[in-house]
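In: Quick check, what structure comes out for this input:
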Amino acid sequence: MATRSCREKAQKLNEQHQLILSKLLREEDNKYCADCEAKGPRWASWNIGVFICIRCAGIHRNLGVHISRVKSVNLDQWTPEQIQCMQDMGNTKARLLYEANLPENFRRPQTDQAVEFFIRDKYEKKKYYDKNAIAITN
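Out: You can find the predicted model right below:
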């Protein structure tokens, strides 16, 4: 059983993480799902570093943890490393990286199946990925 001071430390750390996440969610691009642009995402793929809506979170979960690791912004406990990933990336940088080669006339998909195909193309197949954008993430 964890000691009281351990629990208090964990609680304090969790509160700090919640503050950081809510600050990140106030950034303009993070106010919308990185994939379908639904307003007010409450989920995140922390290893990719994007905020996503609940529908897209389900699709990300189906990709497997080797591609996307999903957490709730406010229901789950976060580690410092996971928070750091979110701070390092965010939806703006992720778009520059994963959507760099989207066709000019591209329209975001609306149906569940079309959204799933788009997400798989984007993160699994890296169809629109900018291989030269390493400088963005550093």
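
In: Mind listing what's buried along the lengthiest helix in the chain?
Out: If you go by DSSP state H, the chain has its longest helix at helix 4-25. Of all the residues in helix 4-25, those buried under the rule 16 or more other Cβ atoms under 10 Å are 17, 20-21, 24-25. (C-beta placed from N, C-alpha, C; glycine too.)

In: how far does that helix sit from the chain's center?
Out: 19 Å (Cα atoms, centre = their mean, to the nearest Å).

In: for it, packing partners?
Out: When contacts are defined as 3 or more Cβ pairs under 8 Å, 6 or more residues apart in numbering; DSSP states H and E, helix 4-25 sits against helix 80-88.

In: So for the helix it packs on, what gets flagged as buried?
Out: 82-83, 85-86.

In: Same question for stretch 71-80.
Out: Result for stretch 71-80 [16+ other Cβ under 10 Å]: buried residues 71, 73, 78.

In: now stretch 22-40
Out: For stretch 22-40, the neighbour count (16+ other Cβ under 10 Å) marks 24-25, 30, 32-36, 38 as buried.

In: Grab the most central residue of this structure for me.
Out: With distances taken as Cα atoms, centre = their mean, V50 lies nearest the centre of the chain, 2.1 Å away.
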